[in-house]
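[1] Sequence and predicted model, in that order:
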Amino acid sequence: MILKLVKCFALALSLLSINNLNAQTTMKNESSNIRVLVLFNTTGGGTYKLAKAIAEGIEKFPGAKAILKQIPHFKEKTGKEPQLYDSVPYASPSELAEYDGIAFGSPVHFGNMSTDMRYFLDQTIDLWTNHKLEGKPASVFMSAGSGAGREAAILSFWNTLAIHGMILVPTGIKGTGEIDKTIPQGNTAFGTTSLAGMPGSERPSKGELHIANLQGYALAKAAKGYNAVQTTLGNINNNMTTQETPKTDIEARLKELNITLPNAPQPVGNYKLFKISGNQVFINQVALKDGKIEHPGMIGNPVTEEQAKEATRQTLLNILSILKQAAAGDLNNVKQAVQLTGFFYTDEKYTKHAVIMNEASNLLVEIFGESGMHTRATIGAASLPLSSSVEIQAVFELK
Ligand SMILES: Cc1cc2nc3c(=O)[nH]c(=O)nc-3n(C[C@H](O)[C@H](O)[C@H](O)COP(=O)(O)O)c2cc1C
């Protein structure tokens, strides 16, 4: 009974300290700019204690946030009572790509990582294929019993992490130098370990927790570097994308295509040749050429499709001539074509409007490239002004 009470008290205390840790984590989040995952697996809770010490070390580094997560374990599958650390959320293999650094923790099982951890890592094959963890800092901590094979167990992680191309962050000289030598310590130069099997001593020891703190800090420092490089690379890529976008000189392109824009027809009523609203220019034209309609009449009779295409081309050239005026005399000031609406003088049986309209669409893309792409509608009409076989409404966007 007394034992049960003591256990309950210990449980409540631990819960408090978890909540404390979570609260601290949330407070520090606000100014955080790097995120480091502390991913652990545990059966007896020893690795979890080390994980919390690693997380504390991470958060001592300015701007670093530690995210504690565990991997699903067999205990859960056996349906036994969940333990205290089961309140820590589970990680999914794919989310490893999201962090700036990862600390991996597991019990030492026969000089190796635990089966659960091995199983989890074996599910990161997609991350490996897509180089998602390449260059990301990683560090390993482990809870051991006697300590037998603990360095080999850390190296069992290193094999996998190296195949992923991760940057390994060891404890180095700190792991062996900065420890309390009055009692046996589990620490190694490869990463923190704990000797949970040592009789008569609280584990992890203060020395082991101290090294775990330093290890977390060192990982956060490396993660900061990784984050900075990723940000710089992102900026370089963005700049390159902007620079690499070829800037077509539209006026030169017109010369290359042997296109001379006609004189813009003048309005013959109470309306304007073009209207600018916001950044957009609105223009409507028919197939006027030198003051006369080119190939007037209904498409099919007497206007042939070839003639209708010529009229459509002329109509678009009229539009471009007006667009140039709207763009302060330089078509390079046009950002993009937005929409064309083509009206064609046809009878009710005619259906090939799109074939004729292609003449205008193709010409626009030929001149402006990708920014000449537009949305489009084509409509048949019983008659059009001055018996023009075509009329086009156009919308463009200016820079
Ligand atoms: C299957 C198994 C194998 C183990 N092998 C080792 C070992 O090779 N070396 C060692 O020091 N401890 C070994 N241990 C002890 C655990 O590493 C130790 O209890 C550890 O603290 C458990 O971590 P946890 O509390 O996070 O579950 C083993 C335990 C189990 C269950």
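    Received the coordinates, thanks.
[2] looking at it, L68 is touching A55, isn't it?
    Yes. Under the criterion of CB atoms under 8 Å, L68 makes contact with A55 at 5.5 Å. The way it works is simple: take the backbone N, C-alpha and C, and place the C-beta from them, glycine included.
[3] Would you state the helices of the chain in chain order?
    2-29, 46-60, 74-78, 115-121, 125-129, 150-163, 173-177, 206-244, 250-256, 305-326, 353-368 (DSSP state H).
[4] Out of these, which gets nearest to the ligand?
    The ligand lies closest, by CB to the nearest ligand atom, to one member of the helices of the chain: helix 46-60, at 3.0 Å.
[5] can you tell me the average pLDDT over the closest one?
    When pLDDT is averaged over helix 46-60, the result is 96.
[6] Please identify the buried residues of it?
    For helix 46-60, burial by neighbour count (16 or more other CB atoms under 10 Å) applies to 46-59.
[7] possible to save these as a markdown table with distance to the ligand?
    Formatted as a markdown table, the buried residues of helix 46-60 follow (distance: CB to the nearest ligand atom, whole Å):
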| residue | distance to the ligand |
| --- | --- |
| G46 | 3 |
| T47 | 3 |
| Y48 | 6 |
| K49 | 8 |
| L50 | 8 |
| A51 | 9 |
| K52 | 12 |
| A53 | 13 |
| I54 | 13 |
| A55 | 15 |
| E56 | 17 |
| G57 | 18 |
| I58 | 19 |
| E59 | 21 |
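[8] confidence score at the residue in the stretch 251-399 of the chain positioned nearest to the ligand?
    Nearest residue of the stretch 251-399 of the chain to the ligand: E370, at 57.2 Å (CB to the nearest ligand atom). On the pLDDT scale, E370 is placed at 85.
[9] I259 too?
    Note for I259: predicted pLDDT of 91.
[10] distance of it from N332?
    15 Å (CB to CB, to the nearest Å).
[11] The closest residue to K399 other than its chain neighbours: what's it in contact with?
    Nearest in space to K399, with sequence neighbours left out and distances taken as CB to CB, 6 or more residues apart in numbering, is K335 at 4.6 Å. For K335, the contact set (CB atoms under 8 Å, 6 or more residues apart in numbering) comprises N279, S371, F396, E397, L398, K399.
[12] now, the most widely separated pair of these?
    N279 and S371 (13.4 Å; CB to CB).
[13] Which among the contacts of K335 count as buried?
    S371, F396, L398.
[14] If I look at the closest residue to the ligand within the stretch 151-300 of the chain, what pLDDT would I see?
    Here the stretch 151-300 of the chain gets closest to the ligand at one residue, A196, 3.4 Å apart by CB to the nearest ligand atom. With respect to pLDDT, A196 scores 88.
[15] what does R203 give?
    Value listed for R203 in the pLDDT field: 89.
[16] what's the burial count for it?
    For R203, the count of nearby residues is 18 (other CB atoms under 10 Å).
[17] can you pull the buried residues of stretch 222-237?
    Result for stretch 222-237 [16+ other CB under 10 Å]: buried residues A222, A223, K224, Y226, N227.
[18] Closest to M142 out of the residues you listed?
    Scanning the buried residues of stretch 222-237 for proximity to M142, where the rule is CB to CB, the winner is A222, at 19.2 Å.
[19] nearest residue to that closest one other than its sequence neighbours?
    In space, A222 is closest to P137, 3.7 Å off (CB to CB, 6+ apart).
[20] Show me what the closest residue to P204 other than its chain neighbours is bridged to.
    Distances taken as CB to CB, 6+ apart place S194 nearest to P204, at 3.9 Å, with adjacent residues excluded. Beta-bridge pairing for S194 (DSSP bridges): S143.
[21] So which of the contacts of K335 belong to strands?
    F396, E397, L398 (DSSP state E).
[22] what's near enough to touch the last one?
    Read that as L398. Counting by CB under 8 Å, 6+ apart, L398 has contacts I276, N279, Q280, V281, A326, A327, N333, V334, K335.
[23] Check the first one too.
    By CB under 8 Å, 6+ apart, F396 lies in contact with Q280, V281, I283, L323, A326, V334, K335, Q336, A337, V338.
[24] Kindly report the same for L155.
    So L155 contacts F190 (CB under 8 Å, 6+ apart).
[25] Return the distance of it relative to G216.
    L155 is 20 Å from G216, by CB to CB.
[26] Equivalent analysis for I276, please.
    Computed as CB to CB, the I276 to G216 distance reads 59 Å.
[27] who's more crowded, those two?
    Each of I276 and G216 has its neighbours counted (other CB under 10 Å); G216 has more, 32 against 13.
[28] Do you know the pLDDT at that one?
    pLDDT, G216: 97.
[29] my guess is it contacts E56, does it?
    Yes. Using CB under 8 Å, G216 is in contact with E56, at 6.5 Å.
[30] Run through the residues of the protein sitting next to the ligand.
    42-47, 107-111, 143-150, 196 (CB under 6 Å from any ligand atom).
[31] Does H131 touch G165 like I think?
    Yes. The criterion here is CB under 8 Å, and H131 meets it with G165 at 6.8 Å.
[32] if we can go back for a sec, next up, the contacts around the residue nearest to P204.
    G46, K49, L50, M142, S143, A144, G186, R203, P204, S205, E208.
[33] so how many other residues sit close to the fourth one?
    Put plainly, it is M142. 32.
[34] Who's the closest spatial neighbour of the residue nearest to the spatial centre of the chain, skipping the chain neighbours?
    With distances taken as CA atoms, centre = their mean, the residue of the chain nearest its centroid is E98 (9.8 Å). The shortest distance from E98 to any non-neighbouring residue, by CB to CB, 6+ apart, is to R35 (7.3 Å).
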